[in-house]
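Q: need a 3D model of the following:
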Amino acid sequence: MISPSHHLIGHWHEARCIVVIAMVRIILVMAIVGRLASADSIVERDLLARMYQSLDALRHAENRDEAERKKDAIRLRLEKALAIDDVTDNRAIRALLFVPPVAERAAPAIILDRPHEDPASQPNLVLARELAQAGFVVLAPDLRSHHDTVDLLATGGVLPETLLQRDIRAMLDFLSRQDYVDRGRIAVVGSGFSAALAVALNARVAVAVLDELPNLREELGRMALLASPALPDPCYLVYGLLRFASTEDLGALIAPRPLLITNPAQTVADYLSALYQSYGKLEALRQITCDRTSSYCSQVGREWMVQGLGNNHRNHGELQPAPLQVESRSIDIPVPRSQGPIMHEPLTPEHLRSLLGEPLPDAPNVWLLKSTPQPQEVALTTQPGLVVPSTVLRPGPEGGAPANGQLLALFDAGRQSMLNDEIVQAALRRGWFVWAVDVRGVGSLKVERDGFVFGASALLGENFAWRQSSDVSRTLETLERGSHTHRTALYARGRNATVIAAYVAATAERDRPEWIVLRDGAATFFNGSPQQYLLPINCFHLFDIKDLLQQSRPKLINFTQLDEIESYW
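A: Down below sits the predicted model:
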């Protein structure tokens, strides 16, 4: 047992840590406010605001009965968002295995789930050996390769957290097959959101020790401060997470299993205390604030393992530091090969919306053009609060000729680069109005922080290029309504622009627009052409750019020379 003097030291550690954490959170809030006040990207502000709105709209279970009713639905949504069955990569997991020196019966087992850390680092080796000496089988995997790199092309379109959860599941399977492991007494000792998610999803985990259970509101604040091209921590990037769950909901999935949390966010701590109390299991929850590397924190964690998992013949009294003769062996844990996903639904606009994001609120547009051949600036609104700048060119020597049609020009380089473009000039000669538009992420609305846009889109469960295509489609609808001929066309030039145009083509009605010109574009998602934040998460098995274009009702023109479009004016 921990001595009274050790308790006093522990309380002092807790008080000191609480003060430090509070100061850090105050500084973080001040930094976020400053960032928002000075941010020059309306696109980034929109993403951040919608993330907070989604988080605020979540309603957590308030008692045991409500938590039990909601568990299956939340687990199902997490499983669908992770898309573990879509993973075809079955590379083995490299891990260190520690087995107690003597075991009279099957021993309880512990998985060290620390994706940020090397399992062979000295602190992790010492902890694993102490636990093994105390009678626990310990499995310490190296998860850094999945955690440290966000490369959708390498993962088949799934996020790193999918691979981490797939690996935890494989490790639980491995331990359950070993004769020397008691499969009913498996625990997870881990840090951060990823470890909490592993415990929440896997009922086979009997006991958990989790460090730094985060408040997602604070994590979003840290995202807001990211510099380009830095990515947010992949541990909490679950596709669409903010639409249905936060840390509190993971805690509700874990309850009422024995849970020790060190350094929890205060809001999470308060929520879990009330929830465990509603279960009548408050003794199964312990929350402390301490330095994870301190002896006090380690001692509390080890004793919690003994209390929650029971003990073997070696577990009695206060646990002592392990002698170094408890050695590990390196093993490769096999990962079952998935059959891969099967596409069951046709590629319809409704299906794309379910995969890439439901429509955002629309906004009305009103404008007045002058009779002049000079470029005119018009501000269009494609959703409340999002103003899309456009430059308009009118045909005729005086700019007063009636419009034979409305051409929307979309250039990766921005609308200012379109003045001397040969297709734009051809449109003006043919009596067409030209609207060069900078949708979100393009030209004057170009985003500077790709990592933030990627992370925010992932958490919202939407694709950025899909949102860009919504800007284009709504602008085309506005132009059609404002034209006496009701003729519209789209000209997309550049890799980003042609991806946008592919989504427009896949969802457009016939003759709305009449035709789409693609130029200097990306032919596929899979050769590294589009930027990471434009790639459709969890969708690589469902469609490529060519599949979107095959759905097109408007006429498609892959531009090589001007004569190809002469007949369409």
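Q: how many neighbours does residue 46 have?
A: 18 (other CB atoms under 10 Å). All C-beta spots, glycine's among them, are computed from the backbone N, C-alpha and C.
Q: distance of it from residue 510?
A: To residue 510, residue 46 is 32 Å away according to CB to CB, to the nearest Å.
Q: okay, now the domains of this structure?
A: Structural domains annotated on the chain: 4-314+326-333, 349-568, as defined by automatic domain parsing.
Q: what would those domains look like in JSON lines with mean pLDDT?
A: Listed next are the domains of the chain as JSON lines, based on pLDDT from 0 to 100:
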{"stretch": "domain 4-314+326-333", "mean pLDDT": "86"}
{"stretch": "domain 349-568", "mean pLDDT": "94"}
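Q: what sits against the residue lying closest to residue 162 once chain neighbours are set aside?
A: Using CB to CB, 6 or more residues apart in numbering and skipping the chain neighbours, the partner closest in space to residue 162 is residue 82 (4.7 Å). Remark: with contacts taken as CB atoms under 8 Å, 6 or more residues apart in numbering, residue 82 is in contact with 158, 159, 161, 162, 165, 238, 239.
Q: how about a cut-off of 7 Å?
A: 161, 162, 165, 238 (CB atoms under 7 Å, 6 or more residues apart in numbering).
Q: those in helices, which ones?
A: If you go by DSSP state H, the contacts of residue 82 have 161, 162, 165 in helices.
Q: distance to residue 224 and neighbour count added to these, as CSV?
A: Output for those, formatted as CSV (distance: CB to CB, whole Å; neighbours: other CB atoms under 10 Å):
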residue, distance to residue 224, neighbour count
161, 20, 27
162, 25, 26
165, 26, 23
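Q: quick one: which helix or strand includes residue 517?
A: Assessed by DSSP states H and E, residue 517 sits inside strand 515-519.
Q: quick check: next helix or strand after that strand?
A: Later in the chain than strand 515-519, the nearest helix or strand by DSSP H and E is helix 545-550.
Q: for that following helix, packing partners?
A: Applying 3 or more CB pairs under 7 Å, 6 or more residues apart in numbering; DSSP states H and E, we find helix 545-550 packed against helix 495-507.
Q: gap between the helix it packs on and the chain center?
A: Here the centre of helix 495-507 is set off from its chain's centre by 23 Å, with CA atoms, centre = their mean, to the nearest Å.
Q: now it - C-alpha only, PDB.
A: Extracted as PDB, the C-alpha positions of helix 495-507 are listed here (Å, rounded to 0.1, in the frame of the first residue of the first chain):
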ATOM      1  CA  ARG A 495      -5.400  20.200 -60.700                       C
ATOM      2  CA  ASN A 496      -7.600  21.500 -57.900                       C
ATOM      3  CA  ALA A 497     -10.100  23.100 -60.400                       C
ATOM      4  CA  THR A 498     -10.500  19.900 -62.400                       C
ATOM      5  CA  VAL A 499     -11.200  17.900 -59.200                       C
ATOM      6  CA  ILE A 500     -13.900  20.400 -58.300                       C
ATOM      7  CA  ALA A 501     -15.300  20.200 -61.800                       C
ATOM      8  CA  ALA A 502     -15.400  16.400 -61.600                       C
ATOM      9  CA  TYR A 503     -17.700  16.600 -58.500                       C
ATOM     10  CA  VAL A 504     -19.800  19.200 -60.300                       C
ATOM     11  CA  ALA A 505     -20.100  16.900 -63.300                       C
ATOM     12  CA  ALA A 506     -21.100  13.900 -61.100                       C
ATOM     13  CA  THR A 507     -24.000  15.800 -59.400                       C
END
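Q: pull the residues that contact that helix.
A: With CB under 7 Å, 6+ apart as the test, helix 495-507 has contacts from 347, 349, 352, 410-412, 442, 465-466, 468-469, 472-473, 490, 492, 516, 518, 521-522, 529-530, 534, 545, 548-549, 551-552, 554, 556.
Q: drop anything exposed from the residues you listed.
A: Buried subset of the contacts of helix 495-507 (neighbour count, 16 or more other CB atoms under 10 Å): 352, 410-412, 442, 465-466, 468-469, 472-473, 490, 492, 516, 518, 521-522, 529-530, 534, 545, 548-549, 551-552, 554.
Q: how much space is there between residue 131 and residue 301?
A: Applying CB to CB to residue 131 and residue 301 gives a distance of 9 Å.
Q: again with residue 522
A: According to CB to CB, residue 522 stands 50 Å off from residue 301.
Q: and residue 434, what does it touch?
A: By CB under 7 Å, 6+ apart, the contact list for residue 434 reads 393, 407, 409, 424, 427, 428.
Q: so it sits in a strand?
A: Yes - counting by DSSP: H, G, I helix; E, B strand; the rest coil, one finds residue 434 located in a strand.
Q: now it: closest residue in space that isn't a chain neighbour?
A: Among residues not flanking residue 434 along the chain, residue 393 sits closest, at 4.4 Å (CB to CB, 6+ apart).
Q: burial of that neighbour, as a residue count?
A: So residue 393, with other CB under 10 Å, has 23 neighbours.
Q: doesn't residue 492 make contact with residue 412?
A: No - assessed by CB atoms under 7 Å, residue 412 is found out of contact with residue 492, at 8.9 Å.
Q: residue 174: which element?
A: According to DSSP H and E, residue 174 maps onto helix 160-176.
Q: for that helix, which positions count as buried?
A: So for helix 160-176, counting by 16+ other CB under 10 Å, buried means 160-172, 174-175.
Q: counting by contacts, list what it packs against.
A: Taking 3+ CB pairs under 7 Å, 6+ apart as contact, the helices and strands that helix 160-176 lies on are helix 64-82, strand 93-98, strand 107-113, strand 137-141, helix 144-147, strand 181-191, helix 192-201, strand 328-333.
Q: show residues contacting that helix.
A: The set of residues external to helix 160-176 that reach it, using CB under 7 Å, 6+ apart, is 82-84, 87, 93, 109, 111, 113, 115, 139, 141, 143, 146-147, 150, 155, 181, 183, 186, 194, 197-198, 201-202, 204, 234-235, 237-238, 333, 335.
Q: and what of stretch 534-545?
A: By CB under 7 Å, 6+ apart, the residues outside stretch 534-545 that reach it are 83, 86, 152, 156-159, 239, 340-341, 343, 347, 355-356, 458, 463-465, 496, 499, 502, 522-526.
Q: any chance of the contacts of residue 434 in CSV, with secondary structure and distance to residue 76 too?
A: Output for these, formatted as CSV (DSSP: H, G, I helix; E, B strand; the rest coil; distance: CB to CB, whole Å):
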residue, secondary structure, distance to residue 76
393, strand, 52
407, strand, 46
409, strand, 44
424, helix, 50
427, helix, 50
428, helix, 55
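Q: farthest-apart pair in the residues you listed, please.
A: Maximum pairwise distance in the contacts of residue 434, criterion CB to CB, is 11.1 Å, between 409 and 428.
Q: which of these two has more neighbours?
A: More crowded of residue 409 and residue 428, by other CB under 10 Å: residue 409, with 25 against 18.
Q: touching, the more buried one and residue 433? I think so.
A: No - with contacts counted by CB under 7 Å, residue 409 stays clear of residue 433, the gap being 10.6 Å.
Q: so what touches the helix or strand encompassing residue 480?
A: In the assignment (DSSP H and E), residue 480 maps to helix 464-481. Counting contacts by CB under 7 Å, 6+ apart, the residues outside helix 464-481 that touch it are 356-357, 359-360, 362, 365, 380, 382, 388, 406, 408, 410, 435, 437, 439-441, 453, 457, 486, 488, 490, 499-500, 503-504, 507, 512-513, 533-534.
Q: can I have it written out in CSV, keeping just the CAs?
A: Coordinates of each C-alpha in helix 464-481 appear next as CSV, following Å, rounded to 0.1, in the frame of the first residue of the first chain:
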residue,chain,number,x,y,z
PHE,A,464,-12.7,20.1,-49.0
ALA,A,465,-12.9,19.7,-52.8
TRP,A,466,-16.6,18.6,-52.3
ARG,A,467,-17.2,21.9,-50.4
GLN,A,468,-15.5,23.8,-53.2
SER,A,469,-17.7,22.1,-55.8
SER,A,470,-20.7,23.2,-53.8
ASP,A,471,-19.5,26.8,-54.2
VAL,A,472,-19.3,26.3,-57.9
SER,A,473,-22.7,24.5,-58.3
ARG,A,474,-24.5,27.2,-56.3
THR,A,475,-22.8,30.0,-58.3
LEU,A,476,-23.9,28.2,-61.5
GLU,A,477,-27.5,28.0,-60.3
THR,A,478,-27.4,31.7,-59.4
LEU,A,479,-26.1,32.6,-62.9
GLU,A,480,-28.7,30.4,-64.6
ARG,A,481,-31.6,32.1,-62.7
